[in-house]
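Enquirer: Quick one: sequence plus predicted model below, questions after.
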Amino acid sequence: MIKRICFLLSLLICGVLYAQDITYRTVKDLSYSSSKDPYATERCKLDVYYPENKTGCPVVVWFHGGGLTQGNKSIPGRLKKNGMVVIAVNYRLLPKVAISECLDDAAASVAWAFREVEKYGGDKNKIFISGHSAGGYLTAMVGLDKRWLKKYDIDADSIAGLIPFSGQVISHFSYRKMNGIDNLQPTVDEFAPLFHVRKDAPPLVLITGDRELELFGRYEENAYMWRMMKLVGHKETYLYEIGGHGHGPMGDPAFYILKQHVKRILGEPEK
């Protein structure tokens, strides 16, 4: 028994030392677009955070928020030192471009991940897409409307999972504003994730803040999306409401849900 306990302790100590030996690097401002447009040259860049000397790692492509009109890429602190490759993406912003160009940039960055991530120890079969607010909207659109990735010869169903944080699932409010539609006038057109509900989509994990603290009806939008995905026969749509947290603060606890679903989808034990 003593020998067995000593053996288990040695394994534990080796595991801890191994974890401490893992070092992470960040490579910044890699271009993912071939466009020669000066604004695309400026904005279409990404950062890659990855554990050195590891292969087969899960990958999270992360889109920043900011209403599609502002914001910049950054690696979320909650995703660091978790054995993941994290790709933080900048994309062109409204009103300098049309919403179709924002979506094209998002798709181009995901396609870059499929092509290049193995150079950074990632597994292209374990690519998850996520983001907060506007980033959540881009996540849902790129994963549900297959035409955006098809342009880059990527099947959206190859994505391991879609995990939007407080994403708009009706047509985005900044896009509506550009077209003279009020914030409180719900619209569902081709630029709404709800327009593209389908049975064969990747796993979809919808997370919002408290319905009483969120932006205009954001929880209810996502709840309707959850229901419609269920009705069309999608087997892996999940909905979470983080009580007591508004639109911004919900991000912190949402990362725990993200990490647990990554483990679940990949068949890894939860901790």
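Expert: Good, I have the coordinates.
Enquirer: Please count neighbours and contacts with C-alpha atoms only from this point.
Expert: Fine.
Enquirer: need the strands for this protein, in chain order.
Expert: Ranges of strands within the chain are 24-31, 45-51, 57-63, 85-89, 122-132, 161-165, 204-209, 237-242, based on DSSP state E.
Enquirer: got the phi/psi numbers for Gly71?
Expert: Main-chain dihedrals, Gly71, degrees, to the nearest 10: phi 110, psi 160.
Enquirer: Would you reformat the strands of the chain as a markdown table and include distance to Asp153, mean neighbour count and mean pLDDT?
Expert: As requested, those are exported to a markdown table (distance: least, Cα to Cα, whole Å; neighbours: other Cα atoms under 10 Å; pLDDT from 0 to 100):
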| stretch | distance to Asp153 | mean neighbour count | mean pLDDT |
| --- | --- | --- | --- |
| strand 24-31 | 19 | 14 | 98 |
| strand 45-51 | 20 | 23 | 98 |
| strand 57-63 | 18 | 27 | 98 |
| strand 85-89 | 20 | 29 | 98 |
| strand 122-132 | 14 | 23 | 98 |
| strand 161-165 | 18 | 29 | 99 |
| strand 204-209 | 22 | 27 | 98 |
| strand 237-242 | 25 | 18 | 98 |
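Enquirer: So which of those strands is nearest Leu266?
Expert: Within these, the stretch nearest Leu266 is strand 122-132; the backing value is 7.6 Å (Cα to Cα).
Enquirer: Direction included, what does the closest one pair against?
Expert: Strand 122-132 has its sheet partners listed here by DSSP bridges as strand 57-63 (parallel), strand 161-165 (parallel).
Enquirer: Turn the ones you listed into JSON lines, columns for distance to Val89.
Expert: As requested, the strands paired with strand 122-132 are arranged in JSON lines below (distance: least, Cα to Cα, whole Å):
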{"stretch": "strand 57-63", "distance to Val89": "6"}
{"stretch": "strand 161-165", "distance to Val89": "15"}
